[in-house]
Every structure is written in structure tokens, then in C-alpha cells.
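Trainee: quick one: sequence plus predicted model below, questions after.
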Amino acid sequence: MKIATAAYPLDWHEDWAGYEAKIRHWVETAGADLLVFPEYGAMELASLGGPEVAADVDRALMEVVRHRPAMEALFASLARAQGVHILAPSGPVIVEGRRINRASLFGPEGLIGHQDKAIMTRFEREIWQVEAGRGLTLFDTALGRIGVVICYDSEFPLLARALCEAGAEILLVPSCTDTVAGYWRVKVGAMARALENQCVAVQAPTVGDALWCPAIDENRGAAAVYGPSDRGWPEAGVIAEGALDAPGWVRAEVDLRLVAQSRADGAVLPFAHWPEQAAQAAQVTVARETPAQT
């Protein structure tokens with residue numbers, strides 16, 4: 001399959017028509033079967049509330065929630081028209097009175113399902129009051145079996161492991177980080193998840209400044225597609241990677257038969273050998289150095 005992953009700039013929009021034109025252009029020029037947009041890419045919809053709303057952390061979030069149904073309808077229509085699968089930009093939703101960060105996957109037949117972010121960062125917990133979702137979703141699609149680990153989630157191995165044990169061959173990692181260090185944490189997490197699960201991981205970041213909205217004012221990152229460092233894959237584990245902070249699509253062609261091949265007969269077998277950790281980890285001893293006698 002062909003994958004296009006977005007290094008996505010957050011723009012100011014005076015009206016819905018401007019936002020729709022931007023999204024339509026991105027989708028129509030992707031040239032891929034699977035399109036991946038970033039975490040909190042939906043936050044540019046806060047601009048539709050005007051400068052005062054966009055500048056207020058709480059009101060900006062609620063403005064995006066207000067436009068969520070129209071955004072989902074737009075991505076559903078574009079996936080159908082282009083005959084593609086799209087992980088739409090994640091953003092806030094209200095579920096049973098709780099603020100959740102949700103990513104939605106669309107296919108040619110419409111909405112396939114949602115993945116809510118599982119582990120919150122300090123900003124989400126302490127300032128934004130965005131809460132964790134409940135559970136993980138494996139998307140069984142015509143392209144392959146897909147899991148989503150949103151940004152910080154990629155730094156917690158058991159989440160990706162659970163998805164891959166359920167059958168995931170591709171992990172999508174939409175991200176939104178305001179420092180190069182944050183970008184690298186997610187990048188290292190995505191590459192590690194591809195290595196230990198012998199699968200494909202796709203990182204899609206927000207990039208550039210959006211100083212009109214404090215919640216997403218600075219954005220650093222590079223879009224990339226990663227695989228395990230194994231036979232048949234690039235030795236460095238990087239299938240395709242864009243330049244740091246460079247907006248645009250990064251494209252790669254991936255044969256998922258390589259995932260099955262690596263898991264069955266790779267140079268090493270971390271996916272199969274994963275359970276062996278438990279017995280070793282259950283036996284931790286402490287060896288103390290004896291001070292030298294004088």
C-alpha cells in the first residue's frame with residue numbers, strides 16, 4: 001500500500017469554507033491509500049470562533065468541539081470520494097461530560113471507528129483537563145489491521161503491544177509536540193514500537209507556529225514511516241522521513257507481507273520472544289558493592 005503521512009501546519013481560518021478548501025487540497029494531493037493527519041490538528045478550527053476565543057485555552061477547545069460533527073462529515077465525504085482511508089486530525093470531544101482527545105479513522109464506506117488517547121501529558125491533565133479515553137481499538141480494514149497510539153501513548157510499550165497481539169500490522173502515531181525534545185521522544189517511541197512489534201509505525205506531527213492559540217502555539221516535528229531493522233527493511237528502520245518542521249506529505253510504499261515475514265523468520269524475533277520477559281522481570285535481585293576495607 002501507499003502511505004502518506006502529514007507534517008501539518010495549523011492555519012488561521014476566517015470561515016468554514018477556508019478550512020474545507022485546505023483539507024480538500026491536502027487529501028486530493030496525497031496520492032496514497034492511507035492518509036495520516038496529526039494529533040490536535042483539529043485545533044485550527046478554534047480560529048472560527050475569532051481571536052478572543054482562539055486565545056483562550058478553554059474556549060478554544062469548546063469551539064473545536066462545536067465543529068467536530070462538520071469536520072467528521074468532511075473527512076467521511078473525502079474518503080468516500082477519493083476511495084482512501086484517512087486518520088483525521090485528532091481533537092477534543094465531550095463524552096459523558098469528560099473531555100477526550102479523539103482520532104477518527106474513515107474509509108471509502110465512511111467512519112470505521114475512533115481511538116481516544118489513553119495516557120495524558122501534564123498539560124492535558126493539569127491545565128486543559130483533557131482526560132484519558134477507555135480502551136484500545138484494532139481497525140480491521142481492507143488495507144490491513146491498524147492500531148493508533150496517539151503521541152504520548154507511543155511512549156508506553158504495553159499499549160502498542162496489546163494492539164499488535166490483537167493483530168495490528170501498522171501503528172499510526174499522530175503527534176503534537178512543542179519542542180524538538182518532545183518530537184524526539186515520540187519518534188524514539190514510534191521506532192521502538194516498530195522494532196519490538198516487528199511492524200510499521202507512521203508518525204504524523206503538527207509543525208510551525210500558531211501563536212493565536214496558546215494550546216498549540218509552537219509545533220516541532222518531522223513526518224516519517226518506520227519499520228523494524230530486519231531483513232527486507234531499511235537497516236536504520238527509516239522507510240521514509242521528511243525534514244524537521246517542513247510542512248507537507250511524506251510518502252512511502254509498504255508491503256505488509258514483510259511484517260508477517262519478519263515476525264515468523266526475522267533475524268531476531270522480538271515479537272515472538274516478548275513473553276520471555278515476564279519470568280526474568282519477576283526475579284530482580286540487588287547486588288550491593290561492599291565498601292573497601294582499610
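Mentor: Nice, I can see it.

Trainee: report the longest helix in this structure, please.
Mentor: helix 57-82 (DSSP state H).

Trainee: so what does that helix touch, helix or strand wise?
Mentor: Applying 3 or more C-beta pairs under 8 Å, 6 or more residues apart in numbering; DSSP states H and E, one finds that helix 57-82 contacts helix 16-28, helix 51-54, strand 85-87, strand 91-95, strand 98-107, strand 110-116. The way it works is simple: take the backbone N, C-alpha and C, and place the C-beta from them, glycine included.

Trainee: switch those over to TSV; also include mean pLDDT.
Mentor: Putting the helices and strands packed on helix 57-82 into TSV (pLDDT from 0 to 100) gives the following:
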stretch	mean pLDDT
helix 16-28	98
helix 51-54	97
strand 85-87	98
strand 91-95	97
strand 98-107	98
strand 110-116	98
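
Trainee: so which of these comes closest to residue 122?
Mentor: Comparing these against residue 122 with C-beta to C-beta, the closest turns out to be strand 98-107 (14.0 Å).

Trainee: in its sheet, what does the closest one sit against?
Mentor: Using DSSP bridges, strand 98-107 pairs in its sheet with strand 85-87 (antiparallel), strand 91-95 (antiparallel), strand 110-116 (antiparallel), strand 130-131 (parallel).

Trainee: out of the helices and strands packed on helix 57-82, deepest packed?
Mentor: strand 85-87 (a mean of 26; mean count of other C-beta atoms under 10 Å).

Trainee: give me the contacts around it.
Mentor: 27, 33-37, 75, 78-79, 103-108, 112, 141-143, 148, 172, 174, 204 (C-beta atoms under 8 Å, 6 or more residues apart in numbering).

Trainee: gap between it and the chain center?
Mentor: Counting by C-alpha atoms, centre = their mean, to the nearest Å, strand 85-87 is centred 12 Å from the centre of its parent chain.

Trainee: export the strands paired with strand 98-107 to JSON lines and tack on distance to residue 52?
Mentor: Formatted as JSON lines, those follow (distance: least, C-beta to C-beta, whole Å):
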{"stretch": "strand 85-87", "distance to residue 52": "31"}
{"stretch": "strand 91-95", "distance to residue 52": "19"}
{"stretch": "strand 110-116", "distance to residue 52": "29"}
{"stretch": "strand 130-131", "distance to residue 52": "21"}
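
Trainee: partners of the nearest residue to residue 148 once chain neighbours are set aside in the sheet?
Mentor: Closest residue to residue 148 apart from its sequence neighbours, by C-beta to C-beta, 6 or more residues apart in numbering: residue 115 at 3.9 Å. Beta bridges link residue 115 to residue 103 when assigned by DSSP bridges.

Trainee: residue ranges with poor pLDDT in the stretch 151-294 of the chain?
Mentor: 293-294 (pLDDT under 70).

Trainee: what ranges do the helices span in it?
Mentor: 157-165, 180-197, 257-265, 270-273, 276-281 (DSSP state H, counting those that start in this stretch).

Trainee: now do the buried residues in the longest one.
Mentor: In this case it means helix 180-197. 182-183, 185-187, 189-197 (16 or more other C-beta atoms under 10 Å).

Trainee: can I get it as CSV, trimmed to CA atoms?
Mentor: Provided in CSV are the C-alpha atoms of helix 180-197 (Å, rounded to 0.1, in the frame of the first residue of the first chain):
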residue,chain,number,x,y,z
VAL,A,180,12.4,19.2,19.5
ALA,A,181,12.8,17.1,22.6
GLY,A,182,9.1,16.2,22.6
TYR,A,183,9.3,15.3,18.9
TRP,A,184,12.3,13.0,19.6
ARG,A,185,10.5,11.3,22.5
VAL,A,186,7.6,10.4,20.2
LYS,A,187,10.0,9.5,17.3
VAL,A,188,12.0,7.2,19.5
GLY,A,189,8.8,5.7,20.9
ALA,A,190,7.4,5.0,17.4
MET,A,191,10.7,3.5,16.2
ALA,A,192,10.9,1.3,19.3
ARG,A,193,7.3,0.1,18.9
ALA,A,194,8.1,-0.8,15.3
LEU,A,195,11.2,-2.7,16.4
GLU,A,196,9.8,-4.7,19.2
ASN,A,197,6.5,-5.5,17.4
